[in-house]
Structures are given as C-alpha cells and as structure tokens.
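1. could you look at this predicted model? Sequence included:
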Amino acid sequence: MIAMLRGRFDDTSGRPYIEGRLILPNLNICGDISFLVDTGSDVTRLHPIDGIRLHIDYDQLSGDAESVGTSGVSHDFIEPAVVVFSEPKRFLYVYNITLRIAPYDIEILDLPSLLGRNILDRWRMTYNPPKKSLLFKVVSADVTVPL
Amino acid sequence: MNTNTREQVILNQLGNPVDIDRELQSFRKSARVLSSHHPRFIDRYQKKWVAIYDGRTRAQGRTLQSTLREIDRKGLPREHVIVRYIDRNQRTMIL
C-alpha cells in the first residue's frame, strides 16, 4: 500500500495546509502546527503565531540565518527539530530538520508557519484545488513508525 | 552516530506514537472546522483572534496574547489548539 499523507485547502483563502507535530528537544517544546505548504520556501520556518502559542522564549534562541523573501531580508534563529506527520492508524513519518524560527514581528503575526522544501522534496504532491484534494506520497522519512 | 542510534534518539524524543496519531487527528479536525466554517466565522469574529480545540471554538480575543490567556485560563493545552486571525479583508500573501 502507498504511504500517503492528506493535506487540506482553506475554504476561504484556498491556501494549502498540512498538520504536523513539531518537537524542539533542546527547548523541551512540543506542539501541533498547521503548516502552509510552501514549495517556494527552501526551508521549514516557524512563525510567531505558533512560537508564541508554544511558549517559545525568544530570548533563549540562538543562531543567525539570513533568509530573503519578497518583503526583504530576515535574520532567523536556528533550532534542531523533529517534525512528525501521521497517516492515521497506519504510520508516523518523522523528519529530523534544522528549523528556522522567524523573530517576533507584529507585522507577520497572522502568517502561518511554512513547510518548506527540506521536507516537501521527500514527498510527491498531488495538488488539485477544484477537487479539494491535496495528497502527499511519502518517498522517504528519517524514521517511519508503524501504528 | 550510526543510523540505528540516530533513529533511537529520534524515537525517544517522540513519546507514544499512538497518542501522537490521535492528537494529530484531533488537531486536523480543529483545522478543518476552522476552514470549512470560515464564512460564518467572518461575521461572528470579524477582526478577532479565534482559538479552536477538539473541533470547537474555545476562545476569542482582540489580540493573540489575550486569546491564548483565555485558553490558559480554561486549562486547555495550547500545544493542541489552532489559532487564527479572522478578517473579511484577508491580506494577500506573497511568500
């Protein structure tokens, strides 16, 4: 049977999302994230809407990774992370990544966190908004856990 | 670190896989509720932050912080709550 994850399209904005579990071992933080699927992003990036919700202490963060977007240059924090996606009652797919954490900025407070190509490249996506179908065939994972 | 050791380190960080699966299913349910009910949310919660947990709206507020404080006050687990800002005039996103 093919390993498949299911995303969703937001009814109003039409934006593609997938939900996953984020674990930041060094900060002892764990929580669920609704990631915006962003094939234009090289990396997965946590935005303040989720960072604040998960009680991240921004003063404790380290690293300075420059990233550039349409709104200019940003200096992100860097944190080792584990991201988990579930195929209900079948498998968990686990990815060990270096997470970018955007600094707190009220101007981007409503922006969802981004799932970038450091994970998306390991899937094959079927993107069909008219049918409200967003599927990801899992090609590889760092760890696959049977349920 | 060899592959098996690295996998074991990751597995140790995960916790109970069955719990993760169940909690992620619940979180997805909340996300879908927010998504599919969005049109009526716009009228009811225009320019407010809304928090959904286990498929139900649990808190609202003028700021993200006040909405999260309400979630804390109700003893709900922030880590499994989805929060969104509701606005009829949604900003165009170019990432």
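-> Perfect, thanks for sending it. Residues are numbered from 1 along each chain as shown, chains lettered A, B, ... in the order given.

2. what's the distance between B:R32 and A:D11?
-> In this view, B:R32 and A:D11 are 9 Å apart by C-beta to C-beta, to the nearest Å. Every residue, glycine included, has its C-beta placed from N, CA and C.

3. which of these two has more neighbours?
-> B:R32 (18 against 15; other C-beta atoms under 10 Å in any protein chain shown).

4. which helix or which strand is home to that one?
-> Under the criterion of DSSP states H and E, B:R32 resides in helix B:17-36.

5. any chance you could list what contacts the next helix or strand after that helix?
-> Using DSSP H and E, the helix or strand that follows helix B:17-36 in sequence is helix B:38-44. For helix B:38-44, the external contacting residues (C-beta atoms under 8 Å, 6 or more residues apart in numbering or on different chains) are A:D10, A:D11, A:T12, B:L34, B:V50, B:I86, B:D87, B:R88.

6. could you do stretch A:127-147 as well?
-> In this structure, residues lying in contact with stretch A:127-147 by C-beta under 8 Å, 6+ apart are A:2-9, A:14, A:16, A:18, A:37, A:86-87, A:89-96, A:122-126, B:6-7, B:10-11, B:14, B:17-18, B:21.

7. narrow those residues to those that are buried.
-> A:3, A:5, A:7-9, A:16, A:18, A:37, A:86-87, A:91-96, A:123, A:125, B:7, B:10, B:14, B:17, B:21 (16 or more other C-beta atoms under 10 Å in any protein chain shown).

8. let's see which of the residues you listed end up in strands.
-> A:5, A:8-9, A:16, A:18, A:37, A:86-87, A:91-96, A:123, A:125 (DSSP state E).

9. closest residue of chain A to chain B?
-> A:G31 (3.3 Å; C-beta to the nearest C-beta).

10. contacts only, for that residue.
-> A:R21, A:L22, A:D50, A:R53, A:L54, B:R78, B:E79, B:H80.

11. in strands only, show me the residues you listed.
-> Checking these against DSSP E, those in strands are A:R21, A:L22.

12. what residue lies at the spatial centre of chain A?
-> A:L115 (3.4 Å; C-alpha atoms, centre = their mean).

13. the nearest residue to it once chain neighbours are set aside: neighbour count?
-> Spatial nearest neighbour of A:L115, chain neighbours left out: A:F35 (3.7 Å); criterion: C-beta to C-beta, 6 or more residues apart in numbering or on different chains. By other C-beta under 10 Å, the residues close to A:F35 number 26.

14. reduced to three states, what does A:F35 come out as?
-> Classification of A:F35 using DSSP: H, G, I helix; E, B strand; the rest coil returns strand.

15. how far away is it from A:S133?
-> A:F35 is 18 Å from A:S133, by C-beta to C-beta.

16. what's the weakest-modelled helix or strand in chain A?
-> strand A:65-69 (a mean of 84; mean pLDDT, DSSP states H and E).

17. please settle this for me: is B:T67 part of a helix?
-> Yes: counting by three-state DSSP, B:T67 is part of a helix.

18. that one against B:R58, yeah?
-> No: in this structure B:T67 lies outside contact range of B:R58 using C-beta atoms under 8 Å: 9.3 Å.

19. what do these two both touch?
-> Shared contacts of B:T67 and B:R58 (C-beta under 8 Å, 6+ apart): B:A51.

20. more neighbours: those two, which one.
-> Shown here are B:T67 and B:R58; by other C-beta under 10 Å, B:T67 has more neighbours (23 against 16).

21. below-threshold pLDDT in chain B: ranges please.
-> Scanning chain B for pLDDT under 70 picks out B:1-3, B:36-39.

22. list the contacts for the most centrally placed residue in it?
-> Centroid-nearest residue in chain B, with C-alpha atoms, centre = their mean: B:I82, separated by 1.6 Å. Residues near B:I82 by C-beta under 8 Å, 6+ apart: A:D32, A:S34, B:F27, B:S30, B:A31, B:L34, B:A51, B:I52, B:Y53.
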